[in-house]
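S.K.: take a look and give me a structure for this.
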Amino acid sequence: MSNELTTYSDYARQIFFLLADHPSIESHTVAVYSTSQTVGLTRGKVVFHSGHVLRVFEQIDFVAQRMLRYFYELTYKDEPQWWYDSMPHPDAPELQSTHPHHKHVPPDIKHHRIPAAGLSFTHPNLPMLIAEIEEHIEESRRDETAH
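M.R.: Residues are numbered from 1 along each chain as shown. The predicted structure is shown next:
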């Protein structure tokens, strides 16, 4: 997958091939569509064979080649596992290293936030997210077999 947010059609094609090339993905409803001459949205769900579901929302300015905002949430059996969002928290010193990118994690998932070094406004985030989810699924399998 390209490391740029180039044109609407290129990005839509990149997303399609990314989601089609992962055997861990059972199905998806992710669509990329334009909302104006310069801005597009990526929205939908990615369902993994493990039962995990990734909800995706991105707003991208293709002229500026920049993501304006995003939200990604991983659930398992309808329970949030974590989510990423781009809402700035300038008064949280623990998040400044990746400001405004951060991840909400348990416990107290709404208020417990950690830095998110892998996310960006200038390149696609889905490859990193899918790799993270696949690693999470594999770790869960190892934990289950160890018990």
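S.K.: who touches the nearest residue to residue 7 once chain neighbours are set aside in this structure?
M.R.: Excluding the flanking residues, the one nearest residue 7 by Cβ to Cβ, 6 or more residues apart in numbering is residue 62, at 5.6 Å. For the C-beta atoms, the positions are set from N, CA and C on the backbone; glycine is no exception. By Cβ atoms under 8 Å, 6 or more residues apart in numbering, the contact set of residue 62 is 5-8, 11, 38-40.
S.K.: which of the residues you listed count as buried?
M.R.: 5, 8, 11, 40 (16 or more other Cβ atoms under 10 Å).
S.K.: can you tell me the centre-most residue of the protein?
M.R.: Taking Cα atoms, centre = their mean, the centroid of the chain lies closest to residue 72, which sits 4.3 Å from it.
S.K.: what kind of secondary structure is the closest residue to residue 83 other than its chain neighbours in?
M.R.: Nearest non-adjacent residue to residue 83, counting by Cβ to Cβ, 6+ apart: residue 73, 3.9 Å away. The three-state label given to residue 73 by DSSP: H, G, I helix; E, B strand; the rest coil is strand.
S.K.: all set now, cheers.
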